[in-house]
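J.: Model the following, please.
(one chain, ligands or ions: 1)
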Amino acid sequence: MISHFTRALRLRCPHCGGGPIFTSWSRLLPACPVCGLGLERGEQGYWLGAYFFNLMAMEAVFAVYVVGFLLETWPTPPWELFQITTVVLMAVFPVVFFPFSKTLFLAFDLLMRPPDEEDFVAPHEPALRPRRATSSDPP
Ligand SMILES: [Zn+2]
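T.: Next comes the predicted model:
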């Protein structure tokens, strides 16, 4: 169980630890290149759970930051600094945490709903490797 989340925190496939499963910070492959697990598990709106994880993590970070900041600076908190740093933190954190929210939600979902054979596609299918357009492609 813990290994699912450890793999997720390393941005690897939570099922097998293979990867990479991201083509960029925000783009996930349709399936794991090693075990073939479909990373959206065949459902529309699947990533709503990842957004929820991201929101909950942001709220937890915000609460810890507010309490820590006030405890450290009480009785004369610098409110202007507090406002600026809070806005920056709340703008940056969701972007930084975005891929982790996806892999962590996938790990959670795999624990709640273990994968069956319909969740897997054959690994190394050509469709799994996004192809870049070249200048020789027809328009
Ligand atoms: Zn995998």
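J.: Kindly report the residues of the protein close to the ion.
T.: 13, 15, 16, 18, 32, 34, 35, 37 (Cβ under 5 Å from the ion). (C-beta placed from N, C-alpha, C; glycine too.)
J.: Name the residues of the longest helix seen in the chain that come out as buried.
T.: Ranked by number of residues, the top helix in the chain under DSSP state H is helix 79-112. Judged by neighbour count using 16 or more other Cβ atoms under 10 Å, the buried positions of helix 79-112 are 93-94, 97, 99-110.
J.: Select from the residues of the chain next to the ion every entry located in helices.
T.: Per DSSP H, the residues of the chain next to the ion never map to helices.
J.: Just give me the closest of the residues you listed to residue 89.
T.: When the residues of the chain next to the ion are ranked by distance to residue 89 (Cβ to Cβ), residue 13 comes first, at 29.9 Å.
J.: Isn't the closest one up against residue 34?
T.: Yes: with contact defined as Cβ atoms under 8 Å, residue 13 and residue 34 form a contacting pair (6.4 Å).
J.: residues shared between the contacts of the two?
T.: Counting by Cβ atoms under 8 Å, 6 or more residues apart in numbering, the shared contacts of residue 13 and residue 34 are residue 19.
J.: before we move on, the earlier item: now the residues of the chain next to the ion as JSON lines including pLDDT?
T.: Shown next, in JSON lines, are the residues of the chain next to the ion (pLDDT from 0 to 100):
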{"residue": "13", "pLDDT": "96"}
{"residue": "15", "pLDDT": "96"}
{"residue": "16", "pLDDT": "95"}
{"residue": "18", "pLDDT": "94"}
{"residue": "32", "pLDDT": "94"}
{"residue": "34", "pLDDT": "94"}
{"residue": "35", "pLDDT": "94"}
{"residue": "37", "pLDDT": "93"}
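J.: Thanks a lot, see you next time.
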